[in-house]
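What follows is a predicted structure for the sequence shown.
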Amino acid sequence: MALRLRRYTRLLLVLLMASGLNACALFQARDPINITVIGFEPLAGQELEMRMAVKMRVQNPNEQAIDYNGIALDLEVNGQPLAAGVSDQQGHIGRYGEQVVVVPISITAFSFLRQAYGLGQLDTLQGMPYVLRGKLAGGLFGTVRFTEQGKLDLPKGASLGW
């Protein structure tokens with residue numbers, strides 16, 4: 001009886017070690033994805049908000065494809081939060097592939113006033129430094145986070161006057 005118990009214990013230990021090694025393969029290090037903001041397009045807003053569509057080129061420099069089922073963005077301008085946006089769109093970016101993704105963001109009048117107060121008189125955000133943080137949601141272990149920095153290049157028709 002004791003001999004059988006030892007054999008089962010050893011077998012269980014071997015199986016646990018094998019499954020542990022298999023789990024390590026799931027957590028392979030990924031190279032960070034490359035995000036390039038390629039444009040902002042004005043959208044219809046409501047009352048005290050301005051809406052824009054952020055167009056991003058997402059490049060996957062990895063051997064594993066990325067499947068996502070939601071996107072979240074936070075836009076910071078000149079060190080202050082300015083806009084946020086989410087989208088429940090789904091997509092697939094193949095291994096060593098790329099895709100253009102469009103996400104709507106909202107800028108409230110209060111966020112804009114905070115920017116204006118921090119910079120004195122402000123009638124445009126053109127050329128201001130920005131940081132775009134976001135994630136491509138992909139489940140428990142598939143979520144991919146990213147950060148992009150640059151200077152704002154807003155479309156000519158984007159008015160910031162409310």
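Thanks, I have it. Quantities reported herein were computed from a predicted structural model and do not represent experimental measurements.

After the helix or strand bottoming out on mean pLDDT in the chain, which helix or strand is next? Please name it.
None of the helices or strands of the chain scores lower by mean pLDDT, DSSP states H and E than helix 2-26, at a mean of 68. Going down the chain from helix 2-26, the next helix or strand is strand 34-43, by DSSP states H and E.

List the strands paired with that next one, with their directions.
The strands that strand 34-43 pairs with in its sheet are strand 49-59 (antiparallel) (by DSSP bridges).

hey, what's residue 50 bridged with?
residue 107.

burial measure for it, as a count.
Here the number of neighbours of residue 50 (other Cβ atoms under 10 Å) works out to 22. C-betas here are computed from N, CA, C, even on glycine.

Low-confidence bits of this structure, can you list those?
Low-confidence segments of the chain, defined by pLDDT under 70: 1-3, 20-28, 116-125, 154-162.

what's the domain layout of it?
Under automatic domain parsing, the residue ranges defining each domain of the chain are 1-30, 31-151.
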